[in-house]
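structure for the following, please:
(chains A, B, C and D)
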Number of protein chains: 2
Amino acid sequence: MTDLPRPRRTQAERSDLMRKRLLEATLQSLAEDGYAGSTLSSIVRRAGVSRGAQVHHYPNKQALMLDAAEDLLRRTYRQLGEMLLSIKDEDDRLARLVDAAWDQVFSTPLFNAYSELLIASLRDPDLAEALKARLKRVQGVYAPAVEHYFEPINASKADLHAMFVQLSFFLVGLATQAHLMNDRAWVQSHLGLWVRQAALIMRARKGVRQPPPRPEAWPRKDDTVDR
Amino acid sequence: MTDLPRPRRTQAERSDLMRKRLLEATLQSLAEDGYAGSTLSSIVRRAGVSRGAQVHHYPNKQALMLDAAEDLLRRTYRQLGEMLLSIKDEDDRLARLVDAAWDQVFSTPLFNAYSELLIASLRDPDLAEALKARLKRVQGVYAPAVEHYFEPINASKADLHAMFVQLSFFLVGLATQAHLMNDRAWVQSHLGLWVRQAALIMRARKGVRQPPPRPEAWPRKDDTVDR
DNA sequence: GATTTTACATACAGTCCGGACGGTATCCGT
DNA sequence: ACGGATACCGTCCGGACTGTATGTAAAATC
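Numbering: from 1, shown residues only, chains lettered A, B, ... in the order given. Have a look, this model is predicted:
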């Protein structure tokens, strides 16, 4: 018995894996059961770990939620970056971008988790602060990409960017109310309207063959939480 | 003692008053403490009534929340109607309308209650159904008013209406995230962008002196809740 | 290899929530 | 005026949740 069937794992490996499982379960739980419905017991059950593991890594519920929010925005950051890289140089670049944003980000169950955290942050200043800080970073993803792909016509650069900010808010509103609305076609038609309106003040840059500047990696956090 | 200091109230009066107090407290509580934080005890405490009164009028929490949602949309319906009636025939009618919608509806604490109900309805089909039905009625308020005040230019009537639907979603997204953003000026500039974009496909009708058709009164509900 | 630190597990304590229930006051039809 | 219906009150109970305290195995340190 030189090698045990269970390989020896280092402490850091164990911790990272455990946190990953907890965060994954937390985000799933947020999406399915909502913020209030995401009880520590249910999260732990979903993750298939014990209650003690969670309490070891996160002293209280808020700490877990803060880290989950961080993780969620990190994922979104990455996903948005990949989506932008996947946009090809086509005539209907604007429409493709909007569709991709809706399909790959805002209409996903993961975004429900964001909605929950967003509403919860109305009454949790720490959570609000975390979301605010990380949101800025996410916005930093597509701000350069916007100028890379599009140029204003009869409008200022500021309007160009503002138009996309408006899009994101529109998509948030859409995502939180989509379940009250009819169907996908209805959503598509409204996305189409935005595209037509946006086309009035911007156009795709000609001859863009390179993808936008690769967004920088998200810096690892060193301090876990506030103490 | 011919006249008691407390005048005799009819049963219906007592009930109506009690429900009013409960609904008022519920909406306040939703706005301040959120859906999960709006416990029956806290609502009752806020309303200054006993626990038994509530349970008499609403058999469970969901029934209370359903009625509160109904009441909230009814109020919004009324408020939107009044707002539309207050719009004067001015050059910047569009801008005034948007500002009024933001100031008088979407940025108010009452709208926070709507956000809470909205998110809660993701996991409460009954609540979702109630919101959906009543939302249609609210939308019915400004649909005629839109055509009363504006006419499309280089666009279809459908686009005209869609543009305002888009506005409402944009405002919802704005309202749920405004606390993460900077300041009022920032919001104003984005509202301004929408106005400028809208002005590209619509204009105020000339010589409109009459207010839009007065929205019909909200029909009283007869069946209280599902049994 | 002994000891200290870290990772994880289980049991417990205190709190609070939602719903049920028994009782009282007020009103209404007759 | 009187009996039933309606409105209202205060309390109790089962359950669930969060945080804590204690115990055990594994890994790191020396």
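
please count neighbours and contacts with C-alpha atoms only from this point.
Will do.

what is the mean pLDDT for stretch A:24-44?
Mean pLDDT, stretch A:24-44: 97.

can you tell me which helix or strand the residue most central in space within chain A belongs to?
The centroid of chain A falls nearest to A:Thr76 when counting by CA atoms, centre = their mean (2.6 Å). Assigned by DSSP states H and E, A:Thr76 falls within helix A:61-86.

in the next helix or strand after that helix, which residues are buried?
As assigned by DSSP H and E, the chain's next helix or strand after helix A:61-86 is helix A:93-101. Of all the residues in helix A:93-101, those buried under the rule 16 or more other CA atoms under 10 Å in any protein chain shown are A:Arg93, A:Leu94, A:Ala95, A:Leu97, A:Val98, A:Asp99, A:Ala100, A:Ala101.

okay, helices next: where are they in chain A?
For chain A, helices defined by DSSP state H occupy the ranges A:11-37, A:40-47, A:51-57, A:61-86, A:93-101, A:109-120, A:125-149, A:157-177, A:184-198.

could you give the angle of the longest one to helix B:109-120?
Put plainly, it is helix A:11-37. Between helix A:11-37 and helix B:109-120, the angle comes out at 120 degrees (axes from the mean of the first three to the mean of the last three CA atoms, to 10 degrees).

what's the answer for the second one, then?
If you take the same axes, to 10 degrees, helix A:40-47 sits at 40 degrees to helix B:109-120.

buried sites along helix A:40-47?
Quick answer for helix A:40-47 (16+ other CA under 10 Å): A:Leu40, A:Ser42, A:Ile43, A:Val44, A:Arg46, A:Ala47.

spit out the contact partners of the fifth one.
For A:Arg46, the contacting residues are A:Ala25, A:Ser29, by CA atoms under 8 Å, 6 or more residues apart in numbering or on different chains.

can you check the third one too?
For A:Ile43, the residues meeting the contact criterion (CA under 8 Å, 6+ apart) are A:Leu22, A:Ala25, A:Thr26, A:Ser29.

ok, now how distant is it from A:Leu30?
9 Å (CA to CA, to the nearest Å).

same check, this time on A:Ser107
In this structure, A:Ser107 and A:Leu30 are 15 Å apart, going by CA to CA.

so for these two, which sits in the more crowded spot?
Legend: neighbour count by other CA atoms under 10 Å in any protein chain shown for A:Ser107 and A:Leu30, higher for A:Leu30 (27 against 18).

thought that one was touching A:Ser42?
No: judged on CA atoms under 8 Å, A:Leu30 makes no contact with A:Ser42 at a distance of 10.7 Å.

could you tell me the model confidence score at the closest residue to A:Val172 other than its chain neighbours?
The shortest distance from A:Val172 to any non-neighbouring residue, by CA to CA, 6 or more residues apart in numbering or on different chains, is to B:Gly173 (5.1 Å). For B:Gly173, the pLDDT comes out at 97.

kindly report the same for A:Pro7.
So, for A:Pro7, pLDDT stands at 54.

quick check, A:Leu84 in contact with A:Pro212.
Yes: with contacts counted by CA under 8 Å, A:Leu84 reaches A:Pro212, the gap being 7.3 Å.

between these two, which has more neighbouring residues?
In this view A:Leu84 and A:Pro212 are compared by other CA under 10 Å, and A:Leu84 has more residues nearby, 23 against 20.

residues contacting that one?
Contacts of A:Leu84 by CA under 8 Å, 6+ apart are A:Leu97, A:Tyr142, A:Ala145, A:Pro211, A:Pro212.

how near is the residue lying closest to A:Leu66 once chain neighbours are set aside to A:Pro144?
Spatial nearest neighbour of A:Leu66, excluding adjacent residues (CA to CA, 6+ apart): A:Leu127 at 6.1 Å. Look at A:Leu127 and A:Pro144: by CA to CA, they are 27 Å apart.

repeat for A:His57
In terms of CA to CA, A:His57 sits 37 Å off from A:Pro144.

please apply the same query to A:Phe106.
Distance of A:Phe106 to A:Pro144, computed by CA to CA: 20 Å.

tell me which of these two has more neighbours.
More crowded of A:Phe106 and A:Pro144, by other CA under 10 Å: A:Phe106, with 22 against 15.

give me the below-cutoff pLDDT ranges for chain A.
A:1-8, A:11, A:89, A:220-227 (pLDDT under 70).

list, one by one, the residues from it near DNA strand C.
A:11-12, A:14-15, A:17-18, A:49-53, A:56-57 (CA under 7 Å from any atom of the strand).

wait, A:Arg123 sits on B:Asp33?
Yes: here A:Arg123 reaches B:Asp33: they are 7.3 Å apart, a contact under CA under 8 Å.

stretch A:60-76 and DNA strand D, any residue contact?
Yes: judged by CA under 7 Å from any atom of the strand, stretch A:60-76 and DNA strand D are in contact via A:Asn60, A:Lys61, A:Gln62.

what's the neighbour count on whichever residue of chain A sits closest to DNA strand C?
Of all residues in chain A, A:Gly52 sits closest to DNA strand C, at 3.3 Å by CA to the nearest atom of the strand. The tally of other residues near A:Gly52 (other CA under 10 Å) stands at 10.

domain-wise, how is chain A divided?
Using automatic domain parsing, the domain ranges for chain A come out as A:10-57, A:61-227.

need those domains in TSV with distance to B:Leu200, can you?
Shown next, in TSV, are these (distance: least, CA to CA, whole Å):
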stretch	distance to B:Leu200
domain A:10-57	39
domain A:61-227	8
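
return the backbone torsion pair for A:Ala217.
Dihedral pair for A:Ala217: phi -70, psi 150, per degrees, to the nearest 10.

A:Ala199 too?
Backbone torsions for A:Ala199, taken as degrees, to the nearest 10, come to phi -60, psi -10.
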